[in-house]
Every structure is written in structure tokens, then in C-alpha cells.
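Undergrad: Based on what follows, work out the 3D shape:
(chains A and B)
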Amino acid sequence: MAGPDRLLPYLAVSAALFALGALACAIRRNAVGYLMGIELMLNAANLNFVAYGRFRGPEAAAQGQVATLFVIALAAAEAAVALGLVFAVFRTFRDVDLEKVRTLHGD
Amino acid sequence: MLLFWPMVAVVLAGGAGAVFARNLVYAALSLGVCLAGLAGLYLFLQAEYVAVIQMIVYVGGILILILFGVMFSRDVLGRATPPSLGARILGGFAATAVLASAGRLAWLVSSLEGTGLSTTRTPTSTWQGQIATDAKFHLGRLLLDGWLVPFLVVAVLLTVVLLAALGLVRKDAT
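TA: This is a model prediction of the structure:
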């Protein structure tokens, strides 16, 4: 398929996605909502890897795609650990609201 | 080109839904739409293998994990706790700052015509040699050649993560 032949549209989509992810991390009080924001930011980075590589040339295109594959693998590992943490937090606090998890908060 | 902008709209609408939906189940499903749209964008960049992996690992795996995690929420089918005013202001400020700086950077990079990074791409049909004829083969060679050590480290990491996740959810863990 043929997309735009300029780099800017891809970078703009990536920037918008990253801003949405940062916003989710700021306004979500639920741990799983927070995790979704992190996934959005990771995907923005992935899009940048593939786009920059594709516009740099054949060798860089393959390198960028390999870097993206690694980020996807690490994101899967991160999601598994995050879900384990959410489970542990839920069992201790009966809730996954990040504002209520403040056992170490000194007051 | 005809399909590109609708695909961008799908990605951004899905992302906005994942951030703003009050119901977390809807937010997770919007995130799935956004991730599938991103796989479509990879097709426009001739990264078919990455698009397939994105669908299998993200939409098929991570999204299921997230939907499972949503079920721990107190407000599965109701409305999530609304963010406080301070969080809204901070989040709006941070998101605007990120968008402005990343957009400015994207604009600067895309105006660097003819300084090493080409901002207009060449069609894959003009690429020479093995990469052009068999890109997937080249990806596999790259993984087992220059990226071999990171590849093995990720394999070990996935094993460790599997055991750690099991340890976290064990019944007698505190």
C-alpha cells in the first residue's frame, strides 16, 4: 500500500499518540487505565522506529523493524508483570485505585 | 493514500477512547481499535511482518491481559472514578507540552531535506539486492546476527518474567 511519501504525517501521528498516553498516565486513577497509557506511549515509539527506518533506506528499514519487535516483546513482558502487580494490589487493598495505595505514605 | 487518513483517524479515535472513556471496558476495547489501526499504518510503511506481530502479540495477547485486569476494577460496568481537578490540570499541561515539543521536533526533522536523513522515501522497487527481494528473510538474519545477544537476553527475560508473574500471584504471597 502506498502512504504519504513524506515523513511528517507519521511523526505527527506518533506525537499525538504519545501525548494521549501521557495524558492517560496523568488522569487515570485506575492501575489498568495507567497501563493503557504506557502501552499507547510504547506504540508511539514503535511507529517512530518503523517510520524513520523506512525513510532512511533498506538497511535502516530492517534495523528499525527489529528494534520494534524487541519493544513489542518487552511490552508483553511488562504487561504480564503489571497484571501480576495489579492482582497483588487488589488482594491487599481490595481495590486498584492508585490513590488508595499509600501504605508507605508517611501520614 | 486514499486509505491512509481514514486509518490515522481510526488510530487517533481509538487512542482518545482509551484515554477518555469513563467505562474501563470500553477504554480497553478502544485501545484494541487503536492497536489494530497501528498495524494498518505499519502496512503503509512496508513493514508487513511487524504488522502481523502487532496483531498477534498486542491485539491477541496484551489486550486480553488488559481486559482481564479491568475485571479487578471496582467499577467494571459502572463509571470509573473521575480524575481530580489537580490531575486534570497537570495532565492537560503535560500532554500539551509533550504534543508541542514532539510536534515541533517532527517539523524540524521533516525540514532537514538533504542532510543524510531523507524525508521523502524511495519506493521499495528501487531497493537493490537481497533486502529488496526478501525482506522477511533479512529480518531473520538480522535477529540471529547483529542482534543475537539482545535476542538471547530477551529470551531469558521472558522466562524470568513468567516465573516472577507466577510468584506475584501465588496464593501464600503477601
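Undergrad: What residues of the helix or strand that contains residue B:42 count as buried?
TA: Following DSSP states H and E, one finds residue B:42 within helix B:24-44. Judged by neighbour count (16 or more other CB atoms under 10 Å in any protein chain shown), helix B:24-44 contains these buried residues: B:24, B:27-44. In short, each C-beta sits where N, CA and C put it, glycine included.
Undergrad: swap in stretch A:46-66?
TA: Neighbour-count burial for stretch A:46-66 flags A:46-58, A:61-66 (criterion: 16+ other CB under 10 Å).
Undergrad: can you give me the helices in chain A?
TA: Listed in chain order, the helices of chain A (DSSP state H) span A:8-27, A:31-56, A:58-93.
Undergrad: rewinding a little: same for the following helix or strand past the helix holding residue B:42, what does it pack against?
TA: Scanning forward in sequence from helix B:24-44 by DSSP H and E, the next helix or strand is helix B:48-53. Using 3 or more CB pairs under 8 Å, 6 or more residues apart in numbering or on different chains; DSSP states H and E as the contact test, the elements touching helix B:48-53 are helix A:58-93, helix B:24-44, helix B:135-143.
Undergrad: tell me the angle of the first one relative to helix A:31-56?
TA: Right, the one you point to is helix A:58-93. Here helix A:58-93 points in a direction 180 degrees away from that of helix A:31-56 (axes from the mean of the first three to the mean of the last three CA atoms, to 10 degrees).
Undergrad: Who are the packing partners of helix A:58-93?
TA: Judged by 3+ CB pairs under 8 Å, 6+ apart, helix A:58-93 is in contact with helix A:31-56, helix B:48-53, helix B:63-70, helix B:129-133, helix B:135-143, helix B:148-168.
Undergrad: For it, could you pull out the residues that count as buried?
TA: The neighbour-count check on helix A:58-93 (16+ other CB under 10 Å) flags A:58, A:61-70, A:72-73, A:75-80, A:82-90 as buried.
Undergrad: Where does the prediction get shaky in the chain?
TA: Picking chain A for this. Counting by pLDDT under 70, chain A contains low-confidence ranges at A:1, A:106-107.
Undergrad: Chain B was what I was after
TA: If you take pLDDT under 70 as the line, chain B has these spans: B:1, B:73-81, B:113-120, B:122-137, B:173-174.
Undergrad: ok, residues contacting stretch B:24-36?
TA: A:17, A:30, A:32-33, A:36, A:39-40, A:43, B:10-19, B:21, B:54-55, B:58-59, B:63, B:66-67, B:70, B:73, B:75-77, B:80 (CB atoms under 8 Å, 6 or more residues apart in numbering or on different chains).
Undergrad: Try it again at 7 Å.
TA: Stretch B:24-36 is contacted from outside by A:30, A:32-33, A:36, A:39, A:43, B:10-11, B:14-15, B:17-18, B:21, B:54-55, B:58-59, B:63, B:66-67, B:70, B:73, B:76, B:80, using CB atoms under 7 Å, 6 or more residues apart in numbering or on different chains.
Undergrad: I am finished for the moment; much appreciated.
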